[in-house]
Each structure stands twice: as C-alpha cells, then as structure tokens.
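Student: here's my sequence, what's the structure:
(one chain, ligands or ions: 1)
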Amino acid sequence: MDRILIRGGQRLAGRLPISGAKNAALTLMPAALLTDEPLTLRNLPRLADVDGFGHLLNQLGASTSVEGTRPDEFGRVMTIRAGRLTSTEAPYDIVRKMRASILVLGPLIGRGGEARVSLPGGCAIGNRPIDLHLKALEAIGAELEMAAGYVRATAPGGRLSGGRYRFPVVSVGATENVLMAAVTARGGSCIENAAREPEIVDLCRCLVAMGAKIDGIGTDMIEIEGTDRLHGATYSVMPDRIEAGSYACAAAITGGELELTGVSADDMGATLSALTEAGVRVEPTRDGVRVAADGPLRPLTLSTAPYPGFATDMQAQFMAMLTLADGASVLTETIFENRYMHVPELARMGADITVSGRTAVVRGVAGLTGAPVMATDLRASMSLILAGLAAQGETSVTRVYHLDRGYERLEEKLSAVGADIERVSDG
Ligand code: UD1
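Tutor: Okay, the predicted model is just below:
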C-alpha cells in the first residue's frame, strides 16, 4: 500500500495550480444522465472519485470518453453520452464506496421516471442519512418504495409533477438531487432553504446551458420551470475552493507564500476571512489568490456552517494550522457528528487538542514532531499532511487512498513549491 512521506520544516513558496472542484464534478457528471445528447465537461480533476463516478455512469449504459490533456497536465476533458440507458440502478457496492453515487437518483428519475438506488449506510464521518433527498423528491411527485436496502423512486406516468419543498436542514446533496429531478418535471418547482454552495451554482449554470429554466441561482430559494427536454452542452468545472483552502493552510503553517492559481477569491470568503484573522496575508491576484504568512499565527474561534459560513470541509486543515498558533483556538463542528478523527493523530505529532462533544479546544504548541500517522477520511488526511509539512522530522501518512479521492497529484503540487514529500509504495 502507498504512503506519503514528508520531511517537514520546508517553507513553501511559488505558484500552485488549483484543479477542478471534486464536489462540483460529482454533481455535474450525473447531470449528463438528463439528456440523450453528449455533455462535455472540461477541467475535470483526475481523482479516484471521478473515475469511480465514470464507472457508475458506464454501468447505467452511458459512455464516457476522455480526451485532450497530456499526462503531465492537470485536469482533463470528459464527454459523457447517455443516449440510451440500460440500467436505472446504483448498486450497494458502488454507493457504499462512494456516497456521492446517490446523486444519480434525481437525474435518473428526471430522465426516465424510474431509479433504484442503494441506501448508503454510515460513513467515516458519521451517520449520513438520505431522508432529505427522499422527502424533497416526494414533494415534487416521486413515489418511493423501500426494500432490501434499496429505495425505488418512480414518477407516476413517467414524469414528475413538480412541487414545493422547504428543507428543514440545509443539505448540499439533497438540493442537487431535487434540482436535477425538477428540471424535466411537467410543472414548476420551488425549493426553499436550498443550499447555496458555489458547487450548486455550478450545477445550475450547467443545467441552464443544457436548456433548463432556473431562477434564484445562488440564493436559498430556487425556482425551476420544468422543460420537456434538455440538450447537450460543453461546460467547465469550477475551481476547487477546498483544495485551494487546503494549500492556503499549507502556506500559512510553513510560514510560506503561495499564489493559488485558477481559483476565485469570491468562492472562498469564509476561508480567506479566517486566514486573515489568523494573521495570514491574503490578496486576490490576476490569476487567483496569494497567501503569505510571516509572523506568528493568531488563534481563532470558528464554527462550521453551510455556505457562506465556514466550511466543514476546511475544519480539519484549520485545526492542523492552529496547533501552531500563538494561543488557544476553539473550533465547533455543527455539520457532521464525527469529524474529529484527525485529533488523536495530530496529538501523536505533539498537538494539544481537547474535544468535548462538538467543540475542540486547540492550544498552540511551539512545534510539532514527525510521526507515522493514519489517514481516516479525505480532509482529515490533508490535516495530517499539513502537520507533517510543519513538523520536525519525518511524517509518514498511510491510507493514501483517502487523499487520492480528493487531491489531484498532491505530492507533485507540493514538491513543486518546495516541500520535501514523496509517495512510497511498500509493495
Ligand atoms: C456535501 C459534500 C461534502 C461536504 C458537505 C457539507 C459532496 C460530494 N460532498 O456532502 O464534501 O462536507 O456537503 O458541506 O458535495 N443530512 C440529513 N439528511 C439528508 C442529507 C443530509 O440529515 O438526507 C444531514 C447530514 O447528515 C449533515 C447535513 O445534513 O449533518 C449536511 O449534509 P449535506 O449538505 O447533505 O452533505 P453532503 O451533500 O452529503
């Protein structure tokens, strides 16, 4: 199994290119199921999850072809052709490994009036139900049947009616699913308390490029007028604001300076404000955002929240950074109940963190020391990489497959800006 080996203590400096957003890619790919014409996605990141989603689309009868980019370039172009679907089922084996697979539910029912999707079960960061996905689909006319760990959703008469749904809790995935189902409904739909994440805006823009009629994009009330048919389109995946935020923390924790190219500061509001509050210099540039740290890091009080709040997907990376701040920080995780699995690993590197319920108190220490550590989920893994970059000595991060799900060629990007990092294969 592969692991990542880091010899810490190098200051990072230079330009670091940001890839297409994983979470946007994973909702744009299923959108291709809504039309029998090709959907071409540019700037798709090269990630295990994107490959996994491609396989799922293939199982449903869609073809995927990748063109254009050389192996040494980041990103790629994929054309998805869902001319005729041969299956409407997302099986347990795939959903279990990749939770985002449930995002085929909305488009499948929108396209053909039928979908069968395995219930995802738990995952490393807690119990992640899909009740809101189902309630929202029901509200726009789907009939649901549960059996043998699967949910079967059908549209009476082959087409959803449309309808109104107000989310009791903001959910990114459920908003995406109901949006994709509603665009081809017979009537109109209104989604209230919708998630406003930039990835949802990206999905809406792509759907509009495919002929969908959507109002209120980027707000918490999205109105959709159903259309008979969507057509093909070519669409470029937005840059990954979480990858960019992670590398911004890498600059901060190493006292370095990075220009993160290709990213938009507008999508990163809460992350950049938190960095500024921690004493990190942040400035938008023509090509992206420059982040520079030269003094001591200041402690922060942060609470995760739906967009435009501070992202739960940035919590672990900030925690790593704040282990070296000048004082005590307080982090509160409000989105997922079990998202502190990086804490014991960071403690093994010398961090001083106390968790009580949903709150973690991080007391800054003078330095971290390298250690063998184990990745537990995607963002937790990144927090260990960040700690390793700043630690004295050698850090070895195992279970690298978590990182490969969400960071395109991490070790290449980091070594190009001065990190001493490599992937080693233990056979
Ligand atoms: C997406 C992101 C993930 C990010 C999360 C929150 C993708 C592929 N993943 O996940 O990286 O951490 O948003 O920003 O885009 N909930 C329910 N019932 C449901 C659905 C959700 O109770 O049916 C709860 C969840 O348990 C959680 C909260 O709602 O507590 C938010 O989850 P949600 O926004 O749905 O996260 P995902 O879409 O799964």
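Student: buried residues in the worst-scoring helix or strand of the chain on mean pLDDT?
Tutor: Across the helices and strands of the chain, mean pLDDT, DSSP states H and E gives its lowest value to helix 92-97, namely a mean of 88. With burial defined by 16 or more other Cβ atoms under 10 Å, the residues of helix 92-97 counted as buried are Tyr92, Ile94, Val95. Where you see a C-beta, it was placed from the backbone N, CA and C, and this is true even at glycine.
Student: and the contacts of the host helix or strand of Leu260?
Tutor: Using DSSP states H and E, Leu260 maps to strand 257-261. With contact meaning Cβ atoms under 8 Å, 6 or more residues apart in numbering, strand 257-261 is reached by 12-18, 244, 247-248, 250-251, 285, 287-293, 417.
Student: coming back round to it: name the nearest of the buried residues of helix 92-97 relative to the ligand.
Tutor: Val95 (12.2 Å; Cβ to the nearest ligand atom).
Student: the closest one against Leu103, yeah?
Tutor: No. Applying Cβ atoms under 8 Å, one finds Val95 not in contact with Leu103, separated by 10.3 Å.
Student: residues contacting whatever residue of the stretch 101-250 of the chain ends up closest to the ligand?
Tutor: Using Cβ to the nearest ligand atom, the point where the stretch 101-250 of the chain gets nearest to the ligand is Gly173, with a distance of 2.8 Å. Neighbour list for Gly173: Ala100, Ile102, Leu103, Ile130, His133 [criterion: Cβ under 8 Å, 6+ apart].
Student: Throw those residues into TSV and include secondary structure and distance to the ligand, thanks.
Tutor: Formatted as TSV, these follow (DSSP: H, G, I helix; E, B strand; the rest coil; distance: Cβ to the nearest ligand atom, whole Å):
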residue	secondary structure	distance to the ligand
Ala100	helix	4
Ile102	helix	8
Leu103	helix	7
Ile130	coil	4
His133	helix	5
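Student: export those residues as a markdown table, with columns for neighbour count.
Tutor: Shown next, in a markdown table, are these (neighbours: other Cβ atoms under 10 Å):
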| residue | neighbour count |
| --- | --- |
| Ala100 | 21 |
| Ile102 | 25 |
| Leu103 | 28 |
| Ile130 | 20 |
| His133 | 24 |
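Student: which among these gets closest to Arg111?
Tutor: Proximity of the contacts of Gly173 to Arg111 (Cβ to Cβ) peaks at Leu103, which lies at 13.3 Å.
Student: how far away is the residue nearest to that closest one when sequence neighbours are not counted from Ile335?
Tutor: Nearest residue to Leu103, sequence neighbours excluded (Cβ to Cβ, 6 or more residues apart in numbering): Pro30, at 4.7 Å. Noted for Pro30: a distance of 22 Å to Ile335, by Cβ to Cβ, to the nearest Å.
Student: next: Phe53.
Tutor: Phe53 is 23 Å from Ile335, by Cβ to Cβ.
Student: repeat that for Leu26.
Tutor: 18 Å.
Student: cool, and Asp240?
Tutor: With Cβ to Cβ as the criterion, Asp240 and Ile335 are 19 Å apart.
Student: neighbour-wise, which of the two wins?
Tutor: In this view Asp240 and Ile335 are compared by other Cβ atoms under 10 Å, and Asp240 has more residues nearby, 28 against 21.
Student: sorry, back to before: packing partners of the least confident helix or strand of the chain?
Tutor: Applying 3 or more Cβ pairs under 8 Å, 6 or more residues apart in numbering; DSSP states H and E, we find helix 92-97 packed against helix 48-59, strand 114-118.
Student: how about these, which one is nearest the ligand?
Tutor: helix 48-59 (8.0 Å).
Student: which elements pack onto the helix or strand containing Pro30?
Tutor: Per DSSP H and E, Pro30 falls inside helix 22-31. If contacts are counted by 3+ Cβ pairs under 8 Å, 6+ apart, helix 22-31 sits against strand 39-44, helix 48-59, helix 105-112, helix 172-182, helix 198-209, helix 241-253.
Student: does the ligand sit close to that helix?
Tutor: Yes. Using Cβ under 6 Å from any ligand atom, helix 22-31 reaches the ligand at Asn23, Leu26.
Student: with just CA atoms, put that helix into CSV.
Tutor: What follows is helix 22-31, C-alpha atoms only, in CSV (Å, rounded to 0.1, in the frame of the first residue of the first chain):
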residue,chain,number,x,y,z
LYS,A,22,-14.3,17.4,-6.8
ASN,A,23,-17.7,18.2,-5.3
ALA,A,24,-18.8,20.1,-8.5
ALA,A,25,-17.5,17.3,-10.7
LEU,A,26,-19.5,14.7,-8.7
THR,A,27,-22.8,16.6,-9.4
LEU,A,28,-22.1,17.7,-13.0
MET,A,29,-21.3,14.1,-14.1
PRO,A,30,-24.7,12.7,-13.1
ALA,A,31,-26.4,15.7,-14.8
